[in-house]
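1. structure, please.
(one chain, ligands or ions: 1)
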Amino acid sequence: MDKHDLSIETRLAHAGLNPWENEGIPNIPVYHASTILKKNNQDAKNSDNKAGSSGKYGYGRTGTPTSNALEEALAEIYGMDGAVITSSGLSALTTVILTFAKQNGHMLVSDSVYSSGRRYLTETVPRFGVEVEFFNPRISGTDLAKLIKSNTTLIHLETPGSLTFELHDLPSLTSVARDFGVPTLLDNTWATALGLDCSEMGVDIVAEAITKYVGGHSDLMMGAIVANEPLFGQVQNEARQLGQCAGPDDIYLAMRGLHTLHLRLDRSMNSSIIVANWLKQQPEVLQVFHPALPDHPDHEIFKRDFKTGAGLFAFQLSAGESIGPDILIDHLKLFGKGASWGGFESLVQEAQVENHRSLEYPSEGTLIRLAIGAEDPNDLVQDLADGFNEMRRETSLEAR
Ligand SMILES: Cc1ncc(COP(=O)(O)O)c(C=O)c1O
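-> Model (predicted):
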């Protein structure tokens, strides 16, 4: 049986495991290492050059059997040549951006990329003399072609976009980028390798916040960059130069999360549809932004490109500047108030879109983001119903 014929779910269950190199124990061993000893001086002098030294590993920061197992697993499920682990999802993005930052260069960035990555692009990258230009996430390939300049070194994409959930016409954008020889970076944290076949979509470099769905239990910070050669060698080199690495216990947890990713992602996505459909029926909800809903403006792209989706989405509450959003959010018992997503517990957060956009974004009311966890979706709906009722009660009292 060729492992490439197996479904991604089956490959996820086994990826990166090698029990017969580990006394038959299925899970990976956790190597705590900075020093890795060499047998003699020649080996020690060669330890940066894996081919010339005894053993594959030279120093804890540049790789151990523990980090190697997760990197191999991620490269395998993405069907790409290599993966490199970084300290966080943000550092995966900034490492790729820095790899392609060239003096007097130009980068094209979708306007709805993740906010902290965007801050690096607006505050740090210009210091290197790089011009950063934002474009509408729904841009066509033809219009993207008009923005590419002779000094464009990177096109940074994210689909769906952070907070506002627009989808790119990915195959069209990546094919234009390849025609011009400009590498594309896709933040694929929402869909993961399960939802989007990045190679098939023509993406050159994938960044994923392992912190979210792969970790899945709100207890670790990690990122990964996955790519094909020769770009992989370039980003791996940049990551090594920056000292990117993660601790072995966190890597172990991430690996554990990876094996059940499909179960958790399915649950989160299916429950989110139930919650999103309930929200759509509430008179105070102007719009629900979930690409898996048939009335999402990019739903046709979702059906065409995505194999599955995730349980992170947003809705627009008409309550505007009034006290409504605070009452609703504060009344929720099952939704934690906090950043992040992809964990077993549901979270709620009011989103300030206007602080994270360069192009004009038509905003009305209040945008609220929900991350749906592993709870029973009917309990989540009941919690929201109680919150909406309390909001109605208190706002009508205030209006008197
Ligand atoms: C889409 C997206 N990408 C990247 C990140 C950054 O991940 P981390 O928090 O691990 O740095 C986040 C975090 O919220 C995110 O939402």
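
2. could you give the mean pLDDT of the strand or helix carrying Ser172?
-> For Ser172, the host element (DSSP states H and E) is helix 170-180. Taken as a whole, helix 170-180 carries a mean pLDDT of 98.

3. show me what that helix is packed up against.
-> helix 141-147, strand 152-158, strand 184-187, helix 299-305 (3 or more Cβ pairs under 8 Å, 6 or more residues apart in numbering; DSSP states H and E). C-betas here are computed from N, CA, C, even on glycine.

4. point out the most buried one among these.
-> Across the helices and strands packed on helix 170-180, averaging neighbours per residue (mean count of other Cβ atoms under 10 Å) puts strand 184-187 on top, at a mean of 26.

5. what about that strand and the ligand, touching?
-> Yes. Strand 184-187 comes into contact with the ligand (Cβ under 6 Å from any ligand atom), by way of Asp187.

6. can you name every helix or strand that that strand contacts?
-> Applying 3+ Cβ pairs under 8 Å, 6+ apart, we find strand 184-187 packed against helix 89-99, strand 152-158, helix 170-180, strand 205-209.

7. report how many residues lie close to Ile25.
-> 12 (other Cβ atoms under 10 Å).

8. and of the helices and strands packed on strand 184-187, who's closest to the ligand?
-> Nearest to the ligand, of all the helices and strands packed on strand 184-187, is helix 89-99, at 2.3 Å by Cβ to the nearest ligand atom.

9. ok, and what's touching the next helix-or-strand element following the closest one?
-> Following helix 89-99 in sequence order, the next helix or strand is strand 106-110 (DSSP H and E). Residues outside strand 106-110 that contact it (Cβ atoms under 8 Å, 6 or more residues apart in numbering): 97, 100-101, 118, 121, 125, 130-137, 139, 144, 147-149, 151-158, 161, 168, 182.

10. would you agree Leu98 is in contact with Glu238?
-> Yes. Using Cβ atoms under 8 Å, Leu98 is in contact with Glu238, at 6.0 Å.

11. surely Val30 and Asp249 touch.
-> Yes. Shown here, Val30 and Asp249 form a contact pair, counting by Cβ under 8 Å, at 6.3 Å.

12. if you count surrounding residues, which of these two has more?
-> Each of Val30 and Asp249 has its neighbours counted (other Cβ under 10 Å); Val30 has more, 17 against 12.

13. and the more buried one, what does it touch?
-> So Val30 contacts 66, 248-249, 251-252 (Cβ under 8 Å, 6+ apart).

14. can you give me the strands in the chain?
-> Ranges of strands within the chain are 82-86, 106-110, 131-135, 152-158, 184-187, 205-209, 223-227, 285-289, 312-317, 336-337, 347-351, 366-371, based on DSSP state E.

15. could you dump those to CSV with mean pLDDT and distance to Asp305?
-> Compiled in CSV, these are given as follows (pLDDT from 0 to 100; distance: least, Cβ to Cβ, whole Å):
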stretch, mean pLDDT, distance to Asp305
strand 82-86, 98, 22
strand 106-110, 98, 15
strand 131-135, 98, 19
strand 152-158, 98, 12
strand 184-187, 98, 12
strand 205-209, 98, 14
strand 223-227, 98, 18
strand 285-289, 96, 17
strand 312-317, 97, 17
strand 336-337, 98, 31
strand 347-351, 96, 24
strand 366-371, 96, 22
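
16. would you turn the ones you listed into a markdown table with distance to Asn18?
-> As requested, these are exported to a markdown table (distance: least, Cβ to Cβ, whole Å):
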| stretch | distance to Asn18 |
| --- | --- |
| strand 82-86 | 16 |
| strand 106-110 | 38 |
| strand 131-135 | 42 |
| strand 152-158 | 33 |
| strand 184-187 | 29 |
| strand 205-209 | 23 |
| strand 223-227 | 19 |
| strand 285-289 | 42 |
| strand 312-317 | 33 |
| strand 336-337 | 37 |
| strand 347-351 | 35 |
| strand 366-371 | 34 |
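
17. so which of those gets nearest Arg357?
-> Nearest to Arg357 among these is strand 131-135; the distance by Cβ to Cβ comes to 8.1 Å.

18. so which elements touch the closest one?
-> Checking 3+ Cβ pairs under 8 Å, 6+ apart, strand 131-135 ends up next to strand 106-110, helix 141-147.

19. mind doing that once more with 10 Å?
-> Applying 3 or more Cβ pairs under 10 Å, 6 or more residues apart in numbering; DSSP states H and E, we find strand 131-135 packed against strand 106-110, helix 141-147, strand 152-158.

20. could you find the closest non-adjacent residue to Asp379?
-> Closest residue to Asp379 apart from its sequence neighbours, by Cβ to Cβ, 6 or more residues apart in numbering: Leu334 at 6.3 Å.

21. contacting residues around that neighbour?
-> 345-348, 373, 375-376, 379-380, 382-384, 386-387 (Cβ atoms under 10 Å, 6 or more residues apart in numbering).

22. roughly how far apart are it and Leu367?
-> 20 Å (Cβ to Cβ, to the nearest Å).

23. okay, now the closest residue to the ligand within the stretch 301-400 of the chain: neighbour count?
-> Closest residue of the stretch 301-400 of the chain to the ligand, Cβ to the nearest ligand atom: Ser340 (5.8 Å). By other Cβ under 10 Å, the residues close to Ser340 number 17.

24. one more: Ser112?
-> By the criterion of other Cβ under 10 Å, Ser112 has 27 neighbours.

25. who's in contact with the nearest residue to it once chain neighbours are set aside?
-> Of all residues beyond its chain neighbours, the one nearest Ser112 is Gly161 (2.6 Å), with distances taken as Cβ to Cβ, 6+ apart. Gly161 is in contact with 110-114, 136-138, 167-168, 187, 190, 289, 298, 356-357, counting by Cβ under 10 Å, 6+ apart.

26. domain ranges for this protein?
-> If you go by automatic domain parsing, the domain ranges for the chain are 3-259, 261-399.

27. and the longest one, how far out from the chain's middle?
-> On the basis of Cα atoms, centre = their mean, to the nearest Å, domain 3-259 sits 10 Å off its chain's mean C-alpha point.
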